[in-house]
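> Got a predicted structure here, sequence first:
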There are 2 protein chains.
Amino acid sequence: MSLRYALLAILRVGPLSGYDLAKQFAQSVGHVWHAPDSQIYPELRKMEAEGLVEGEQQARGERGHRRLYHVTPAGDAAFTDWMAAPLDYQRVRDPAHLRAAYLEATTPDAARAFLRAHRAQWQSELEQWEGELVRIDTVTNPMLARRIAVTAEQDRERTIAYKRFTYEGLVARARIEIEWAERGLALVDRLSDDPDAGPAGGR
Amino acid sequence: MSLRYALLAILRVGPLSGYDLAKQFAQSVGHVWHAPDSQIYPELRKMEAEGLVEGEQQARGERGHRRLYHVTPAGDAAFTDWMAAPLDYQRVRDPAHLRAAYLEATTPDAARAFLRAHRAQWQSELEQWEGELVRIDTVTNPMLARRIAVTAEQDRERTIAYKRFTYEGLVARARIEIEWAERGLALVDRLSDDPDAGPAGGR
DNA sequence: TAAATCATGTAAGACGTTACATGATTGC
DNA sequence: GCAATCATGTAACGTCTTACATGATTTA
């Protein structure tokens, strides 16, 4: 249900074709809300049918074409309504913590492999998000630059501050996950050191 | 795809009816993987069709009945295979951070309402998970107690340690989300204090 | 005898994934 | 002329949500 608002957020900056939108999406809001092209095109059509965006067919060469979408007043209202409405939180569904709860059922090696993969996963997210933070500070992200260009000067600080705030949150979460995986690796070591009766445990 | 492994994890402790399983589920693994009854019953049937569990129809009174499920060797193997296989991470899809990225598009009051709700949401999760930590330490959680009862003594420490590790991770994450929301509230205050040209910002 | 709870679902639809399909145009 | 990339999807399938449906048994 959030996909359309992610799309509206981008389109509000200026009209784009589905293709360009998908590219911009991937390097901006896609960092917090992933969507493949195969979901974006149909959603745009659906939004058009509901009057949130308007598509304008354009010729491109002899028989090529593309559809340029722009936000309608209704689309703008839908976006601001969503911003003011309570967010619906999904129920917890966390495969990593599910598995962690049963690590005693596997070998120490498998447990380590899982925890190392978890660390690597979040390390890679962390790098993405830290990269974004740099691009926010330097206004290097193309999406943000476009947005800043159409934003009144007195609103620029706020725009940038909230972007920064968002990515700081993501970075903090990634760090927590990495630390957790590392504590897990230490725990596996400790528990597999003394298999039955060491000085600290066993009974 | 993880639901069946969550179900297997519980059934491995001992046979249960779908009804009992759903209850136990909610107060143990349901803290990390939510599933409604309407998903559990069909999944059990599907798992039975695939030979992972076996259901035994039992009479209950005159014409009542219930179906007692137990894990087959194939189900056990499926579980341990899953434990040893790489976990597939879902792509990021985070409505709260999506909204946070565009808070400049709404009023300070709406921004505050969102951030307070976010804090409340994670505060409530935090309480759940901290409660679980206490029930782990005191072996008060009925699921854990059943599991410990059927676990060889030298494996009990590990079983408890991994449960604790899991919930510690969840607690840490909840705290991070709460802190983030609080930093956000402070940010809204700062940004709405000086609407156009204060000493620290504006231009 | 009425309420609680035991017991098991179905049905419709939204959302998301994966893989595949197709053709035009631009740059080398 | 060929590759890259521009451009837009469809189709099938799986998961999850929400709401509803039904009846039996136990306990107060």
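Perfect, thanks for sending it.

> Please report phi then psi for the spatially most central residue of chain A.
In chain A, the C-alpha nearest the mean C-alpha coordinate belongs to A:V32, at 1.4 Å (C-alpha atoms, centre = their mean). The phi/psi pair for A:V32 (degrees, to the nearest 10) reads phi -120, psi -20.

> A:K163 is in contact with that one, correct?
No. The pair A:V32 / A:K163 is not scored as a contact, 10.7 Å apart, by C-beta atoms under 8 Å. Placement of C-beta: from N, CA and C, glycine included.

> I'd say A:A74 and A:E48 touch.
No. At 11.1 Å, A:A74 does not count as touching A:E48 under the criterion of C-beta under 8 Å.

> returning to that earlier point: shared neighbours of A:V32 and A:K163, which are they?
Common contacts of A:V32 and A:K163 (C-beta atoms under 8 Å, 6 or more residues apart in numbering or on different chains): B:A101.

> helices and strands around the one helix or strand A:R175 maps to, which ones?
Using DSSP states H and E, A:R175 falls within helix A:153-193. Packing partners of helix A:153-193 (3 or more C-beta pairs under 8 Å, 6 or more residues apart in numbering or on different chains; DSSP states H and E): helix A:108-137, helix A:142-149, helix B:95-100, helix B:153-193.

> avg pLDDT for that helix?
Mean pLDDT, helix A:153-193: 96.

> Show the backbone phi and psi for the closest residue to DNA strand C within chain A.
Closest approach between chain A and DNA strand C, counting by C-beta to the nearest atom of the strand: A:G61, at 2.6 Å. Backbone torsions for A:G61, taken as degrees, to the nearest 10, come to phi 70, psi -160.

> any idea how far the closest residue to the residue nearest to the centre of chain A other than its chain neighbours lies from DNA strand D?
Among residues not flanking A:V32 along the chain, B:H97 sits closest, at 4.4 Å (C-beta to C-beta, 6 or more residues apart in numbering or on different chains). B:H97 is 19 Å from DNA strand D, where distance means C-beta to the nearest atom of the strand, to the nearest Å.

> didn't A:T106 look like it was pressed against B:F79?
No. Counting by C-beta under 8 Å, A:T106 stays clear of B:F79, with 9.5 Å between them.

> Quick check: A:G75 vs A:L68, distance?
A:G75 is 14 Å from A:L68, where distance means C-beta to C-beta, to the nearest Å.
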